[in-house]
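Engineer: Output the structure for:
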Amino acid sequence: MRFPSDDELMAGPNALGPDPIEIDEDLLDEEEEWDELDPEEAFARLEDLKGLRKDANAGAGLLMPDYPEDFRAGFVSIVGRPNVGKSTLTNALVGKKIAITSGRPETTRHNIRGIVHAEKSQLVLVDTPGYHRPRTLLGKRLNDMVREALAEVDCVVFCLPADQRIGPGDRFIARELKDVRRPIIAVATKADLVPRDRLMKHLLSIDEMGEFAVIVPVSAKSGEGIGILLDVLRRTVPLSPPLYPEGEVTDESRDTLIAEFIREAALEGVRDELPHSLAVQVEEIVERERREGDARPPLVDVHVNVYVERDSQKAIIIGRKGSRLKEIGSRSRPLIEDLLGKRVYLDLHVRTAKDWQSDPKMLGRLGF
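Structural biologist: Have a look, this model is predicted:
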C-alpha cells in the first residue's frame, strides 16, 4: 500500500479546508463560461444556485433579553482551606441550598456554581474544594479544580474563619493568590462565633497577610455582613450582559445534586477517616407509571451506589440491621423530593471500591 505524499495531500480535495461545496450539476448552464467570470460574480452565481442569500442571518428571530446599560455580571471564585465555611457562605449568598455543608474537611468535591440574581447584576459564585496538601490522586485533582476556577473568574473571595488563627495553610493560599491578576476580597467567615475584640484582631491579622481589595466580616448563619459582601461583589464584577437565564440558581446537574445530598447525610456522625473514603453515584432514575385516579405527585425510583474503600467502612455506613443506611435515606429524601418535585423511593446500595481515591479509572467513573 502506498500512502500519498504531503504535496499530494495538499493538492488534493479538502486540503486543510472545509468540505467541498456540492452543486447540482443540472442547475449549471453548460454554455456558461465560468472561467471568464470574475470571483465576485462567480461566488454570487454559486449562492443563487444553492438558494443562499448574502444577507441570511442564522440568528434571526433570536431575542436578547433587555438589560440596563450599567448591568454587571461575572464569575466569583470562593477559596480557602478545607472547612472554613465556603459552602455555607455560598448558600447564604444564593439564598438557597446548592452546596452541601459539613463539619468534616474536604466536603466539597466539585466546583459548584451558584447564581445570584439582582435588578442590575448577576453573580456566578464558584464554590471550590478546600485547597490542601494532597495525599491521594483525588486530592491532587481537587486542587487542580481550584486552580482552574482561579484562572477563569473576575474576582476571588478568600475565606478565613474568625474562630481559627491564621495558619500556614492560609498563608500558602495567600501566596498563591498573589499571582492571580484579579481583585481579591478577604472574608472573615463565622464572625458570629467570636467576641468583637477578637474579631477586630482577626481582621488586622488578615490585613497583614497582603493587599486585599476589601476585608469583610460575615456570618452566613445570622446573615450579618452578607448584604455588604454582595454589594462589594456587584461593584467588582465587570459590565456585562446576564450570563444565565433569570431564575436559575445553579448549573449543577440533577444527578450531581442528588449524589451530594446523599453524601451530606452520610457524613453526619461518622468517624474521622470515613469522609475521605466516601463517594456517591446516581445509577438510574426511573418514574413509575401512575395509577388511575392517583392525584399525588409522580413516584420515581432513584437507584444510588455509595462507595467506600474497605469492607469495615461498609459496615459503618450500613449500621446495625441497616439502621444507619435508613437514616441516610431519611435525611436526604426530602431534599431530593424538593429538587425533583416528585415523591422519591430511594434505593441505596453500599459497595466497596478498594483505594478508589488513587484509582484513575474509578475517579473518572465518579466524575473527577
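Engineer: contacts for stretch 173-181?
Structural biologist: Outside stretch 173-181, the residues that touch it by CB atoms under 8 Å, 6 or more residues apart in numbering are 79, 80, 81, 131, 150, 156, 158, 184, 209, 210. (C-beta placed from N, C-alpha, C; glycine too.)
Engineer: Single out whichever of those has the smallest pLDDT.
Structural biologist: Minimum pLDDT across the contacts of stretch 173-181 is recorded for residue 131, with 54.
Engineer: just to confirm, which helix or strand has residue 346 in it?
Structural biologist: Following DSSP states H and E, one finds residue 346 within strand 343-352.
Engineer: avg pLDDT for that strand?
Structural biologist: Averaging pLDDT along strand 343-352 gives 92.
Engineer: So which bits of stretch 304-316 are buried?
Structural biologist: 304, 305, 306, 307, 308, 309, 313, 316 (16 or more other CB atoms under 10 Å).
Engineer: what comes up buried for whatever helix or strand comes next after the strand holding residue 346?
Structural biologist: Heading C-terminal from strand 343-352, the first helix or strand you meet, by DSSP H and E, is helix 360-365. Under the neighbour-count criterion of 16+ other CB under 10 Å, helix 360-365 has 362, 363 buried.
Engineer: Same question for stretch 188-197.
Structural biologist: 188, 189, 190, 191, 192, 194.
Engineer: just checking, which of these belong to strands?
Structural biologist: Among these, the residues falling in strands (DSSP state E) are residue 188.
Engineer: What is the nearest of the buried residues of stretch 188-197 to residue 215?
Structural biologist: residue 188 (7.0 Å; CB to CB).
Engineer: separation between that closest one and residue 226?
Structural biologist: 13 Å (CB to CB, to the nearest Å).
Engineer: Apart from its neighbours in sequence, what residue is nearest residue 86?
Structural biologist: Leaving aside its chain neighbours, residue 86 sits nearest to residue 78 (4.9 Å; criterion: CB to CB, 6 or more residues apart in numbering).
Engineer: For the stretch 51-200 of the chain, give me the ranges with low pLDDT.
Structural biologist: For the stretch 51-200 of the chain, applying pLDDT under 70 flags the ranges 51-65, 98-112, 129-151.
Engineer: Now do the helices in it.
Structural biologist: Ranges of helices in the stretch 51-200 of the chain, per DSSP state H, counting those that start in this stretch, are 86-94, 137-151, 168-177, 196-209.
Engineer: Can you redo the buried residues of stretch 188-197 as CSV, where the extra columns are distance to residue 165?
Structural biologist: Conversion of the buried residues of stretch 188-197 to CSV gives the following (distance: CB to CB, whole Å):
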residue, distance to residue 165
188, 12
189, 14
190, 13
191, 15
192, 18
194, 11
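Engineer: Tell me who's in contact with residue 164.
Structural biologist: residue 84.
Engineer: List the buried residues in the biggest helix by length in the chain.
Structural biologist: In terms of residue count, the longest helix belonging to the chain (DSSP state H) is helix 323-340. By neighbour count with 16+ other CB under 10 Å, helix 323-340 contains the buried residues 324, 325, 328, 329, 332, 333, 335, 336, 337, 340.
Engineer: got the phi/psi numbers for the spatially closest residue to residue 279 that is not a sequence neighbour?
Structural biologist: Nearest non-adjacent residue to residue 279, counting by CB to CB, 6+ apart: residue 307, 4.3 Å away. Per-residue torsions, residue 307: phi -100, psi 140 (degrees, to the nearest 10).
Engineer: I'd say residue 307 and residue 349 touch.
Structural biologist: No - counting by CB atoms under 8 Å, residue 307 stays clear of residue 349, with 9.7 Å between them.
Engineer: From residue 349, how far off is residue 359?
Structural biologist: From residue 359 to residue 349 the distance is 19 Å (CB to CB).
Engineer: What average pLDDT does stretch 266-283 get?
Structural biologist: Mean per-residue pLDDT for stretch 266-283: 72.
Engineer: Span of it from start to end?
Structural biologist: Distance between the boundary residues of stretch 266-283 (CA to CA, to the nearest Å) amounts to 17 Å.
Engineer: Likewise for stretch 79-87?
Structural biologist: 10 Å.
Engineer: ok, back up a step: looking at residue 359 and residue 349, which is more packed in?
Structural biologist: residue 359 (17 against 11; other CB atoms under 10 Å).
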